[in-house]
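Novice: This is a predicted model, with the sequence first.
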Amino acid sequence: MKELFRSNDPVRMSAATSLLEAEGIKTFPMDQHMSVLEGSVGVLPARLMVADRDEFVARAILRDTGLDD
């Protein structure tokens, strides 16, 4: 598993997930519910992960759409 990015922005996470899955790349969002442990203040960013073999293409897609870091 490779981490594409970390973000506190649920819209960015959703957009990236939808875009990558539309291209046939399986995504694995992690840590989405960790902010509950911190009182739901959104301090802890969620991570978007993909399989190792999909990292290069996923990064290219995110870069082309402006969703990369």
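Specialist: Arrived safely, thanks for sending. Please read all numbers here as calculations on a predicted model, not as lab measurements.

Novice: what comes up buried for stretch 61-69?
Specialist: 61, 62, 67 (16 or more other C-beta atoms under 10 Å). For the C-beta atoms, the positions are set from N, CA and C on the backbone; glycine is no exception.

Novice: three-state assignment of the residue nearest the centre of the chain?
Specialist: The centroid of the chain falls nearest to residue 48 when counting by C-alpha atoms, centre = their mean (2.6 Å). Secondary structure for residue 48, judged by DSSP: H, G, I helix; E, B strand; the rest coil, is strand.

Novice: Please name the residues that touch it.
Specialist: Taking C-beta atoms under 8 Å, 6 or more residues apart in numbering, we find residue 48 in contact with 3, 4, 5, 6, 7, 13, 16, 17, 27, 28, 29, 30.

Novice: right, and out of those, which lies closest to residue 56?
Specialist: Top of the list for closeness to residue 56, among these and by C-beta to C-beta, is residue 4 at 11.0 Å.

Novice: any idea which helix is longest in this protein?
Specialist: Looking across the chain with DSSP state H, the single longest helix is helix 10-22.

Novice: For it, which residues meet the burial criterion?
Specialist: Across helix 10-22, burial judged by 16+ other C-beta under 10 Å covers 13, 16, 19, 20.

Novice: returning to that earlier point: going through the contacts of residue 48, which ones are buried?
Specialist: Buried members of the contacts of residue 48, counted by 16+ other C-beta under 10 Å: 4, 5, 7, 13, 16, 27.
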